[in-house]
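Engineer: Sequence first, predicted coordinates after that:
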Amino acid sequence: MTSPTGPTPEVERPWLDAALPTETRIDLLLAEMTLADKVAQTHQVANIDPEADAEQLRAGRISSSLYASGATAGNERDAGVLVGNIDAAQRHAVEGSRLGIPVLFGRDVIHGHRTVCPIPLGLAASFDPALVEEVATVAAREATVDGVAWTFAPMVDLSEEPRWGRVAESLGETPVLSGRLAAALVRGFQGDDPSDPERLAACAKHFAGYGLAAGGRDYDTVSVGENTLRNLHLRPFKHAVDAGVLTLMAAFNDVDGTPMHAHEHLIRGVLKGEWGWDGMVVADWNGVGQLVNQGVATDLREAAALAIRAGVDLDMCGGAYLAHLEELVESGEVELALVDDAVRRVLRVKFRLGLFERPYAARPGAANAPTPATRAVALRAAQAAHVLVKNDGVLPLDGSQPADGSEPPDGNERAAGTAGSVLLSGAFVDEGEALLGTWTLDGRGDDVVSPGAALRERLGDRVTVSDGRFSDVTLQQVRRADTTVLLLGEHPSRSGEAQSVTDIGLPHGQLDVLRAVAGLGKPLVAVVYTGRPLDLGAVLDLADAVVVVWHPGVEAGNALASILLGDVEPHGRLPMTFPLTTGHIPTSTHQRPTGRLIRADVDRREGRYIDALTYPRLPFGHGLSYSTVDYSAPTVSSTSVAPDGSLTLSVTVTNTGARRCRETVQLYVSDPVAEVTRPLVELTDWRLVDLAPGESREVAFDVSAEQFAYAGRDHTFRVDDGEVVLSTGPDSARLQPVSLTVRSTS
Ligand code: BGC
């Protein structure tokens, strides 16, 4: 490739006129670009270095960078990644190159930047889009201080496969919850105007079907039909697209034989064509090059041709486009129009981010270490992620008065000094970094408030914090304490990318500890740190109370203390079904009816397992509070609705306990007769309702018949005439139905 290098001030840059429409600016810029310039805009490198890459930058040969972080300070390396001097690299591109096109700096900011919040699966347990949006807003503000202009989040792969390590990064198993939370994350990252210096571009990933990797093995093949893709797996992407997400990432997997990086039908056809989305598709790491490993391309050259035809616009770190696209266009094998389209989409992101107006990241005085305000968001997010899945009355511990004498945040009366003595023991007692969870490039273990530190602070000498190593001494401590809080579960290195497991049981040895402690017969609370649904059978049998807390982030300890002591009512709900055992995977709300209907009491005779029943250990949506809530039967404003009409569904919930609580009132839909088999139940809406003791509230859902739409045999969405069942309840297994009829008026 040849091209002019260095600045030529006589070249006018009319595209810098911010008053012009973006598409005009792109046209003006494209008109000045050589083929080599264009191809370079489709090329992303890892770990850009302002010195080593100066020549390439000044030649306009680098469009985007992955991982670099730090606007101005330093120039050190942290784990091989350049920290600092993003602006120095940018200066070469903007002031030293012929066209001055800025570099787009991307980095994985997944659940917080410096102020790390719960892993996405924990955020999903909040069922709270407004809170999740706040989390992303904080992350964007912090990441942009480091020069990050683009994050590779949210991940919206529907997850019904707990062996797959990446369920930790997901927003759970259902399309509407994942979709709404994905949209909230997109709004939080991008704001109303992504060119705001404190916002960045989001990236919905991984398009598509990655959550169905065979056997839960990361990167494995996916065999799924288009109907299931449309009815489930594409829907959260559509929510992200409708929320204005600027970019999407292609998935590593194939879909029914066609690798996603070569999937012209889904990327160019459905996403860019049918949905009319004008954003940019980035490859996943060397995803273009991996088409060779997947056996659909003989070499990188062919891989580049397949991927550009499919609609992959930016080649992440594989170099296939840079090496071969120019020649492929010159030989006529790839149409120039395809490259032009990819470049237009890359440039559109850069214009929308305002990089041409504001290429440099440095914001004098801006800092991004956790502050009381950002910690407050992280604390609320961590509290909302705590899912109380069992309580025989041992919780709350009802510990001390607030240190400052203030009212507890949710208004509950705190009983003084009734907790007695508490032993805190187990795997994560004094951990820092381990509680941040997977995919935290910028979080620091030192910023984490550990469970030990938080409980010592709250309970003083009424808590004994053991060192986490189990021994006879631990058993003595259990005997002496009134209540034992045992921390169990997975280290984050057992969840996340390329961290799949064959067994979703507790890590080795933990069950023995649990049995030994439970054998003493003292009140026992099990707290489970995890990146995935685990087989909690023995934990639920042996402990008096069980709280699933995922990996909660920097406020881990404070969140746990506030929940255990009852300052805050637990209100998280499970965003994924917990199967009975590994052998029961997949178990999810996606179960569709078969010819032999499933009934838990007779399922041995109906084609299921001969050695076990098939109901979930913990159903989707499950979660308790310290109070109890009764549900009335739901009623509807009309039992018949037009396909384009709507109605109101009402249900009355009553707090029948003695404490305030936050109830997640859930609404599910089922379609008994459709053109294709439909899920037995699907979450379609929910409300978070705060209830004082004894309080009753009528909760009204506006239900549009569009919520009953599904992709039929021709894959287009339709609303059929006929019966639809709406059900309400506290989780997917405790529902009360109301039936209605969709009826076309004509
Ligand atoms: C992952 C992506 C991630 C990318 C860049 C890949 O291995 O699949 O989710 O964004 O690396 O870090």
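Structural biologist: That came through fine.

Engineer: show me where the stretch 101-250 of the chain has strands.
Structural biologist: With DSSP state E, counting those that start in this stretch applied, the stretch 101-250 of the chain shows strands at 104-107, 150-151, 203-207, 247-250, listed in chain order.

Engineer: The second one vs the ligand: in contact?
Structural biologist: No: on the criterion Cβ under 6 Å from any ligand atom, strand 150-151 is out of touch with the ligand, staying 8.8 Å away. Using the backbone N, CA and C atoms, a C-beta is placed for each residue, glycine as well.

Engineer: As TSV, the strands of the stretch 101-250 of the chain with mean neighbour count, distance to residue 91 and mean pLDDT would be great.
Structural biologist: Formatted as TSV, the strands of the stretch 101-250 of the chain follow (neighbours: other Cβ atoms under 10 Å; distance: least, Cβ to Cβ, whole Å; pLDDT from 0 to 100):
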stretch	mean neighbour count	distance to residue 91	mean pLDDT
strand 104-107	25	13	97
strand 150-151	26	19	98
strand 203-207	26	26	98
strand 247-250	27	24	98
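
Engineer: Tell me where the stretch 51-200 of the chain has helices.
Structural biologist: Using DSSP state H, counting those that start in this stretch, the helices assigned to the stretch 51-200 of the chain run over residues 54-58, 86-96, 120-125, 129-145, 175-190.

Engineer: among these, which is nearest residue 489?
Structural biologist: With Cβ to Cβ, the closest approach to residue 489 among these belongs to helix 120-125: 12.2 Å.

Engineer: Counting by contacts, list what that closest one packs against.
Structural biologist: Helices and strands in packing contact with helix 120-125 are listed as helix 129-145, helix 175-190, helix 372-385; criterion 3 or more Cβ pairs under 8 Å, 6 or more residues apart in numbering; DSSP states H and E.

Engineer: The residue in the stretch 551-700 of the chain that the ligand sits nearest to: what's it in contact with?
Structural biologist: Per Cβ to the nearest ligand atom, residue 551 is where the stretch 551-700 of the chain lies closest to the ligand, at 17.2 Å. Residues counted as contacts of residue 551 (Cβ atoms under 8 Å, 6 or more residues apart in numbering) are 118-119, 122, 168, 434-438, 492, 495, 529-531.

Engineer: Find the nearest non-adjacent residue to residue 561, please.
Structural biologist: residue 454 (4.1 Å; Cβ to Cβ, 6 or more residues apart in numbering).

Engineer: Contacts only, for the residue in the chain that the ligand sits nearest to.
Structural biologist: Minimum separation of the chain from the ligand (Cβ to the nearest ligand atom) falls at residue 152, amounting to 3.4 Å. Residues counted as contacts of residue 152 (Cβ under 8 Å, 6+ apart) are 106-110, 203, 205, 249, 282.

Engineer: and the gap between residue 593 and residue 185?
Structural biologist: With distances taken as Cβ to Cβ, to the nearest Å, residue 593 is found 33 Å from residue 185.

Engineer: If you could redo that for residue 229, that was the one I meant.
Structural biologist: 22 Å.

Engineer: Looking at those two, which is more packed in?
Structural biologist: Between residue 229 and residue 185, counted using other Cβ atoms under 10 Å, the more crowded position is residue 185 (33 against 21).

Engineer: Let me see the confidence value for the closest residue to residue 242 other than its chain neighbours.
Structural biologist: Nearest non-adjacent residue to residue 242, counting by Cβ to Cβ, 6+ apart: residue 183, 6.9 Å away. Residue 183 is assigned a predicted lDDT (pLDDT) of 98.

Engineer: Remind me which helix or strand residue 686 belongs to.
Structural biologist: Applying DSSP states H and E as the criterion places residue 686 in strand 682-691.

Engineer: what is the mean pLDDT for that strand?
Structural biologist: pLDDT averaged over strand 682-691 gives 98.

Engineer: same question, stretch 348-366
Structural biologist: Rounded mean pLDDT across stretch 348-366 is 94.

Engineer: likewise stretch 392-412?
Structural biologist: For stretch 392-412, mean pLDDT rounds to 58.

Engineer: next one: stretch 66-73
Structural biologist: Stretch 66-73 shows a mean pLDDT of 79.

Engineer: ok, now stretch 255-268?
Structural biologist: The average pLDDT for stretch 255-268 rounds to 98.

Engineer: do stretch 550-561 as well
Structural biologist: Averaged across stretch 550-561, the pLDDT comes to 98.

Engineer: Just the terminal-to-terminal distance for it.
Structural biologist: Using Cα to Cα, to the nearest Å, the end-to-end distance of stretch 550-561 comes out at 15 Å.

Engineer: and residue 44, what element?
Structural biologist: With secondary structure defined by DSSP H and E, residue 44 is part of strand 43-46.

Engineer: how about that strand: buried residues?
Structural biologist: Of all the residues in strand 43-46, those buried under the rule 16 or more other Cβ atoms under 10 Å are 43-45.

Engineer: Which of those residues sits closest to residue 736?
Structural biologist: residue 44 (51.7 Å).

Engineer: what's across from the closest one in the sheet?
Structural biologist: When bridges are assigned using DSSP bridges, the partners listed for residue 44 are residue 64, residue 316.

Engineer: My understanding was that it contacts residue 284; is that so?
Structural biologist: No: distance between residue 44 and residue 284: 11.1 Å, which falls outside the contact criterion (Cβ atoms under 8 Å).

Engineer: shared neighbours of those two, anything?
Structural biologist: If you check residue 44 and residue 284 against Cβ under 8 Å, 6+ apart, the residues they both contact are residue 316.

Engineer: can you pull out the helices in the stretch 301-450 of the chain?
Structural biologist: Read by DSSP H, counting those that start in this stretch, the stretch 301-450 of the chain holds these helices, from start to end of the chain: 320-330, 336-352, 372-385.

Engineer: In JSON lines, list these along with mean neighbour count and distance to residue 161.
Structural biologist: JSON lines is the format used below for these (neighbours: other Cβ atoms under 10 Å; distance: least, Cβ to Cβ, whole Å):
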{"stretch": "helix 320-330", "mean neighbour count": "21", "distance to residue 161": "30"}
{"stretch": "helix 336-352", "mean neighbour count": "20", "distance to residue 161": "32"}
{"stretch": "helix 372-385", "mean neighbour count": "22", "distance to residue 161": "21"}
